[in-house]
Structure formats: structure tokens, C-alpha cells
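Novice: Give me a 3D structure for the following:
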Amino acid sequence: MSQTTQLFERYRQQLQLPQNPYLSPAERIWIAVHDPAEERRIRGNIREFALVTQQQNLEWSHFDLTPHFARWMLEHPYHEAYFAEPELLKGALQGFENVLLDALQAEMARLSPQSVLAVTGAGTLYGLTRISTVIERAAPSLRGRMLLFFPGSLEGHNYRLLNARDGWNYHSVPLLP
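Specialist: Numbers count the residues shown, from 1 in each chain. A predicted model of the protein is given here:
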């Protein structure tokens with residue numbers, strides 16, 4: 001059985017558990033940890049995750065982080081200078097993080113407490129901002145549940161994006177294949 005299939009089964013089992021309405025937002029975040037090499041397979045099977053969610057009478061929404069940096073960069077008034085001298089970009093990345101957070105919170109605001117927001121593309125943030133920071137800042141706006149597809153590893157309670165960066169400890173529910 002492939003890792004993606006195992007992760008799908010683990011998610012399906014998690015959906016069938018009774019949900020406590022008194023959990024904090026951080027506890028309503030499920031982090032689907034997978035090998036970075038499985039990212040394309042996960043994305044190719046995202047409709048299956050949506051279907052099993054809808055079968056549990058929950059709303060499904062998908063938020064892809066992937067295109068947000070390119071959009072932000074294209075709209076930035078100094079993008080030409082950043083392309084010429086990429087080291088100048090470091091000082092502007094807080095602005096990108098804020099724009100990304102606004103987009104994620106806007107998606108969360110339109111969802112009901114009976115929803116699952118699937119977030120893909122976490123690996124595309126590597127070197128730009130920390131996914132941990134984005135999730136921690138967004139969590140208070142979460143009304144339903146979040147399924148964060150996380151290409152990396154879990155060691156104890158520390159998540160490591162792309163198995164490279166020092167991890168962060170978070171109060172979410174890990175879903176492991």
C-alpha cells in the first residue's frame with residue numbers, strides 16, 4: 001500500500017471519530033505528514049480526500065499556498081530590484097507573510113464550523129517564511145478543521161519541513177501513514 005493510500009486511510013479514520021466542539025483551534029488542525037517525494041501523488045489524489053470529507057457531511061475547501069509568492073512578487077513595486085539583487089528581498093518577506101495570512105484567513109472566514117480546509121503547498125514556503133508561523137497566526141480564525149499536508153517528518157512532537165529545517169512543536173493532531 002502506498003504512503004498516500006495509507007495517509008488517506010488515516011484521514012478517513014480521523015473523520016469518523018466523534019469531534020469535540022470544545023477543542024482549541026490548534027487542536028482542530030490535522031497535519032498529514034508525508035515524504036516530500038509523495039507531494040505530487042498527494043495532490044493527484046486530493047479529490048479522494050474531498051470526497052471522503054463530503055461523505056461525512058462536512059464542507060471541503062482547498063487552499064493551495066503554491067501560487068501566492070509568485071503573485072505577491074509580481075505585484076510588488078520593487079520586484080525588478082529583487083530579481084536583480086535577491087538578497088534585498090529578505091527585508092520584504094514579512095509583507096509576503098502578512099498577505100499570505102490575509103488570504104488564508106479570508107478563506108477560513110467563509111467556511112462553517114462543519115468544514116475541513118485542506119492546505120497544500122507548504123513546501124513552497126521553504127526559505128520564504130515558516131509554515132509554523134503562518135499556521136500559528138491563522139489558527140485563531142479557524143472555525144472548522146484544517147488538514148495541512150506537510151511534506152517532511154515528525155520526530156517526537158517536532159515537525160521538520162522537507163526534513164531539513166529545525167522543527168517546531170505544535171499542538172495539532174499528526175496523521176501519519
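Novice: alpha carbons only for contacts and neighbour counts from here, please
Specialist: Fine.
Novice: And Thr124, what's its pLDDT?
Specialist: For Thr124, the model assigns a pLDDT of 95.
Novice: Could you report the distance from the closest residue to it other than its chain neighbours to Val173?
Specialist: Distances taken as CA to CA, 6 or more residues apart in numbering place Thr66 nearest to Thr124, at 5.7 Å, with adjacent residues excluded. According to CA to CA, to the nearest Å, Thr66 and Val173 sit 23 Å apart.
Novice: Are we agreed that the residue nearest to Thr124 is in a helix?
Specialist: No. Secondary structure of Thr66 (DSSP: H, G, I helix; E, B strand; the rest coil): coil, not part of a helix.
Novice: and it, how many neighbours does it have?
Specialist: 15 (other CA atoms under 10 Å).
Novice: was I right about it contacting Val119?
Specialist: No. Using CA atoms under 8 Å, Thr66 is not in contact with Val119, being 9.9 Å away.
Novice: who's in contact with the residue nearest to Thr124?
Specialist: Applying CA atoms under 8 Å, 6 or more residues apart in numbering to Thr66 gives the contacts 120-122, 124-125.
Novice: Ala81 - how many residues pack around it?
Specialist: Residues near Ala81, counting by other CA under 10 Å, number 12.
Novice: With adjacent residues omitted, what lies nearest to Leu65?
Specialist: Gly121 (4.8 Å).
Novice: Cool, thanks, talk later.
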